[in-house]
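Engineer: coords below, sequence missing:
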């Protein structure tokens with residue numbers, strides 16, 4: 001009987017969690033609107049190159065930002081690899 005009571009409590013807790021997720025779905029999604037986050041220390045040391053690139057058609061602002069970030073990381077990896085090569 002004790003195990004059944006524990007299972008029942010877990011089931012109730014699970015159902016309450018599902019109910020909360022259905023009532024407040026917006027709180028579970030990522031917030032792309034907050035751009036006030038301070039940059040990381042490594043990025044703050046080097047000023048970012050000033051360039052304006054119009055986003056490709058069909059890409060959202062976030063997708064374009066992610067592509068720019070990937071390109072930046074690829075450049076940094078190439079720099080590190082060139083420093084480590086004998």
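Structural biologist: Looks like it arrived, so ask away. Only a predicted model underlies this, so the values are computations on that prediction, with no experimental measurement involved. Numbers count the residues shown, from 1 in each chain.
Engineer: Please make it C-alpha for all contacts and neighbour counts, starting now.
Structural biologist: Fine.
Engineer: Give the next helix or strand downstream of the helix or strand of the chain with the lowest mean pLDDT.
Structural biologist: One helix or strand of the chain scores below all others by mean pLDDT, DSSP states H and E: helix 41-45, with a mean of 50. The helix or strand immediately downstream of helix 41-45 is helix 61-84, counting by DSSP states H and E.
Engineer: could you say what helices and strands that next one packs with?
Structural biologist: Packing partners of helix 61-84 (3 or more CA pairs under 8 Å, 6 or more residues apart in numbering; DSSP states H and E): none among the helices and strands.
Engineer: list the buried ones in it?
Structural biologist: residue 64 (16 or more other CA atoms under 10 Å).
Engineer: any low-confidence regions in the chain?
Structural biologist: Scanning the chain with the threshold set as pLDDT under 70 gives 1-5, 26-56, 86.
Engineer: try 90
Structural biologist: Applying pLDDT under 90 to the chain flags the ranges 1-11, 13-61, 83-86.
Engineer: per-domain residue ranges of it.
Structural biologist: According to automatic domain parsing, the chain comprises the domains 1-29, 47-86.
Engineer: Is residue 22 part of a helix or strand, or is it coil?
Structural biologist: Counting by DSSP: H, G, I helix; E, B strand; the rest coil, the backbone at residue 22 sits in helix.
Engineer: And residue 67, how close does it get to residue 25?
Structural biologist: 28 Å (CA to CA, to the nearest Å).
Engineer: wait, residue 77
Structural biologist: Counting by CA to CA, the gap from residue 77 to residue 25 is 38 Å.
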